[in-house]
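Colleague: coordinates only, sequence not included:
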């Protein structure tokens, strides 16, 4: 323990999770570590949920992103969560959000701590952060994610550290903690390359503010990403071919530009597709590294990867930890404000690849709302990257629910990314390059390249009839969302016979 | 003329607009100066339109933003415009766009030149730039806007300069030309204050590339902004009160943070409202300065204003030119890439005030598409500012067309700004502060604070019935756009009797 708790005066703060949970009061705002199941607190969520089962305890919980260990579900089920931001990916919490029982604020992941600093969100009362070690000066060394922890710690009245003994001390040095200064005198963020370090290896904190240290030994929940299948491999192939064309046209070097790839099965498959692609010395400037990023490093394709979190399957996690020294030279973990910061994404010219739930004829993307109303996970960092990217690519399978849902629809039922922020759309059928196209030019290309053949004719028919009515972005307003209605009514977007609303 | 053309070897390039127009070939991509009727070329648009009336001449025209002098209408009517980006505000061109005769690409104004540099847009063949002078080294001193001119000139094979003798030479020194470096080695933009100069006073160019100089004497078209009325004064009052509350709460100093204010009548009125407000030593970091900005400087409220363009009414233009020396110390004009750059907007923490056509129960904003299909002007810089602002405020009158259109609708028929990018909504009825609110909390506040009383009950009824169906963002998909349908069918969003689609 002396190895991990290097600040001896803090020995007296070691306590159980139950004791630490007693520090919380009803109505508090709490900042917790954790980003896509990585580096989340393991003990406090359960201990707080247990308290909430026996007494009134409702918290506003802010994290980096999603938690593992079913923590979000446990806390939601116990009624602990009054308000939750900025992202989640838990079935139980999702249900509570969609029932209106938990107030969820879906945010661009780079913006949460900015809103904390400006006072637009309530001040953090308690920060709870998983760490591999506490340094002699109190500095907190995070584990497999940085997320918003540095800013939570900076603002909180009290800090609780979960020292996780299952995570190797070798992670020390992997992190680079930099927090932008206060306005109006903020300086430029001095980051000009993904492999650059501009901050400190630990989160600085006055040890007097560390109110509790809880020792745990539970590992991160393994990633639940599915392996590539035929469709996701096809999507990856389209993207590799497209990027190859950009290199051939002289618009990109064969080192490309730094890659950002969203969380999830399709995105993971896309990155796997780069293993055999004719690009070299790639760099990643992303928010999450998944199995595929490790595979690219192993294959010698990626020379450096910057992110805010590492979330791996069980075998790849073991492999990563066994070869930690080698990876530590090729990976840096940053606060999500920096990994996702508009300033850096624009400066570097990131190639951003993110997942759509559905997109429409004109390139507007819905990333979050099933049927236009029910929250899936959240917008996450997709908007941070898509807006400022060198290339903004969105990927989706062309259909869902065995073909009953078309991912290409006349009008998306919820907009997360407007057509202004979408350059390229890809499904297993092909890739639609929307650059330099007006809406009326985008629609036929999207239908031809991306829509499932079963839906192409009806999409074209809608588009033609809409054009006849006129408009820069032609729509039949009475029919624009009819595919979603039809799915809700019949369980399928397939037309029995075409609706005649127009 | 020697005073304005300080590079004598260029004397031989002086020619008529007709002669210069002969340099263009069918299919070329042309970059022209001009931003919100300021600093646009006066002679070439008419000369090119004249050519297009007699022969096949179709161009891709890229500007800073909208042009004055009916140029866009003239060129559209003549069939000269195949493709037009990134913004326009002309009745004739608008009609051609909505008829599908001109391919219009509606862009974030900070992004056009980035897309030119990366080759995502076709290369500029000819740049046409209005100037007050050409320096001995060829350097082009722009007139009342900078827009995208510096990047057009950098990329174009040939440059045509319109030397406008009606614009005082005293504008020299007003401009600050800085263009970000090429990726992947781009450095931070070293701008940390609105009043800072980081570039050169003129657009650098090898004189050998200046193919023609056309002398003109026609002034900018005067601003067509309407004076404040009772409603816009009420909107201004709500914003002043709100900002006063932020100062009182300690979230802002009484110098506020740099202000960005969109073009148009409401925005102009909001700025007028600051003349008597209890704030001091204000700064603007905006894209356009209108009459109201000059009024704030005259009143001693604004100590410095940065923008990309100055567009004034006739009397204020005269006043400005008569006192040019004084204003030149308090104003800088930058390329629109810099005035609107995410990096700077986020760093400075701009307070962004932009105009909505309509917004919905959850805070999504439509800035561009009448009825969801017909383009009005374009998104302009509103997205550049709203996304990265310290506070993102959207303003609108609560109704249009004598009350037949509600600006607050169940679901906007087109999304330009998602709820993630909207903090504050304001109409003449009040201000809805949406910070730290989930969608279900936003809706009642927006209805109560912003909707016209005639529409409140029906909006509440929609919201309640939608909530009963569930979802994070409750909607009745079959009814969500019914207000727009009703307006198209009956000429009014008012319900004769409530539709029972749900």
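Modeller: Alright, I've got the coordinates. Keep in mind the model is a prediction, meaning the values are calculated, not measured.
Colleague: give the buried residues for stretch A:444-451.
Modeller: Under the neighbour-count criterion of 16 or more other Cβ atoms under 10 Å in any protein chain shown, stretch A:444-451 has A:444-447, A:449-451 buried. Bear in mind the C-beta positions are built from the backbone N, C-alpha and C, glycine included.
Colleague: same thing with stretch A:466-486?
Modeller: Counting neighbours by 16+ other Cβ under 10 Å, stretch A:466-486 gives A:466, A:471-486 as buried.
Colleague: so which of these belong to helices?
Modeller: In helices, defined here by DSSP state H, the members of the buried residues of stretch A:466-486 are A:466, A:482-486.
Colleague: and chain B, which of those contact it?
Modeller: A:466, A:484-485 (Cβ under 8 Å from any Cβ of the partner chain).
Colleague: between those, which is closest to residue B:40?
Modeller: residue A:466 (33.4 Å; Cβ to Cβ).
Colleague: so how far is the helix or strand hosting residue A:47 from its chain's centroid?
Modeller: Applying DSSP states H and E as the criterion places residue A:47 in helix A:44-54. Here helix A:44-54 is found 27 Å from its chain centre; the criterion is Cα atoms, centre = their mean, to the nearest Å.
Colleague: now do that helix: which elements does it pack against?
Modeller: The contact analysis (3 or more Cβ pairs under 8 Å, 6 or more residues apart in numbering or on different chains; DSSP states H and E) places helix A:44-54 against helix A:17-21, helix A:71-77.
Colleague: the longest strand in chain A is where?
Modeller: Scanning chain A for the strand with the most residues, using DSSP state E, yields strand A:126-134.
Colleague: by contact count, what packs against the helix or strand just after that strand?
Modeller: Downstream of strand A:126-134, the first helix or strand assigned by DSSP H and E is strand A:140-142. Packing partners of strand A:140-142 (3+ Cβ pairs under 8 Å, 6+ apart): strand A:126-134, helix A:149-155.
Colleague: looking at these, which is buried most?
Modeller: strand A:126-134 (a mean of 27; mean count of other Cβ atoms under 10 Å in any protein chain shown).
Colleague: specify the angle between it and helix A:44-54 in degrees.
Modeller: Put simply, strand A:126-134 runs at 150 degrees to helix A:44-54, going by axes from the mean of the first three to the mean of the last three Cα atoms, to 10 degrees.
Colleague: need the contact list for the residue most central in space within chain A.
Modeller: Centroid check for chain A by Cα atoms, centre = their mean gives residue A:380 as the closest residue, at 4.3 Å. Taking Cβ atoms under 8 Å, 6 or more residues apart in numbering or on different chains, we find residue A:380 in contact with A:65, A:87, A:109, A:262-263, A:287, A:367.
Colleague: by mean pLDDT, flag the weakest helix or strand of chain A.
Modeller: Within chain A, confidence by mean pLDDT, DSSP states H and E is lowest for helix A:265-273 among all helices and strands, at a mean of 90.
Colleague: and the helix or strand following it, what other elements does it pack with?
Modeller: Using DSSP H and E, the next helix or strand after helix A:265-273 towards the C-terminus is strand A:282-285. Applying 3+ Cβ pairs under 8 Å, 6+ apart, one finds that strand A:282-285 contacts strand A:259-261, helix A:291-298, strand A:302-307, helix A:342-348.
Colleague: could you give the mean pLDDT of strand A:282-285?
Modeller: For strand A:282-285, mean pLDDT rounds to 98.
Colleague: quick revisit: centre of the chain to the least confident helix or strand of chain A, how far?
Modeller: 15 Å.
Colleague: which helices and strands does that helix pack with?
Modeller: Using 3+ Cβ pairs under 8 Å, 6+ apart, helix A:265-273 sits against helix A:230-248, strand A:259-261, helix A:291-298, strand A:351-355, strand A:391-395.
Colleague: contacts for it next, please.
Modeller: A:225-229, A:232-233, A:235-237, A:239-240, A:259, A:261, A:290-293, A:295-296, A:353-355, A:395-397.
Colleague: number of nearby residues for the one residue in the stretch 251-400 of chain A that gets nearest to chain B?
Modeller: The nearest approach of the stretch 251-400 of chain A to chain B comes at residue A:373, 3.0 Å away (Cβ to the nearest Cβ). Residues near residue A:373, counting by other Cβ atoms under 10 Å in any protein chain shown, number 23.
Colleague: that one against residue B:478, yeah?
Modeller: No. Look at residue A:373 against residue B:478 with Cβ atoms under 8 Å: they stay out of range, at 11.8 Å.
Colleague: you'd agree residue A:127 is up against residue A:148?
Modeller: No. If you go by Cβ under 8 Å, residue A:127 and residue A:148 don't touch, sitting 9.2 Å apart.
Colleague: which neighbours do the two have in common?
Modeller: residue A:31.
Colleague: which residues of the stretch 51-200 of chain A lie near chain B?
Modeller: A:83, A:97-100, A:103-108, A:111, A:114-115, A:118-122, A:180, A:183-190, A:192-193.
Colleague: poorly predicted segments of the stretch 251-400 of chain A, please.
Modeller: Of all residues in the stretch 251-400 of chain A, none has pLDDT under 70.
Colleague: at 90 instead, please
Modeller: For the stretch 251-400 of chain A, the stretches with pLDDT under 90 are A:263-265, A:267-268.
Colleague: thinking again about what came up before, nearest to residue B:308, of the helices and strands packed on strand A:282-285?
Modeller: When the helices and strands packed on strand A:282-285 are compared for distance to residue B:308 using Cβ to Cβ, the nearest one is helix A:342-348, at 17.7 Å.
Colleague: against which helices or strands is that closest one packed?
Modeller: For helix A:342-348, the packing partners by 3+ Cβ pairs under 8 Å, 6+ apart come out as strand A:282-285, helix A:382-388, helix B:342-348.
Colleague: who wins for proximity to residue A:45 among those?
Modeller: helix A:382-388 (25.8 Å).
Colleague: determine if any part of that closest one is in contact with chain B.
Modeller: Yes. Interface with chain B: helix A:382-388 contributes A:383, A:387-388 (Cβ under 8 Å from any Cβ).
Colleague: using CSV, lay out these together with distance to residue A:52 and neighbour count.
Modeller: What follows is the residues of helix A:382-388 next to chain B, written out as CSV (distance: Cβ to Cβ, whole Å; neighbours: other Cβ atoms under 10 Å in any protein chain shown):
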residue, distance to residue A:52, neighbour count
A:383, 32, 29
A:387, 38, 25
A:388, 40, 30
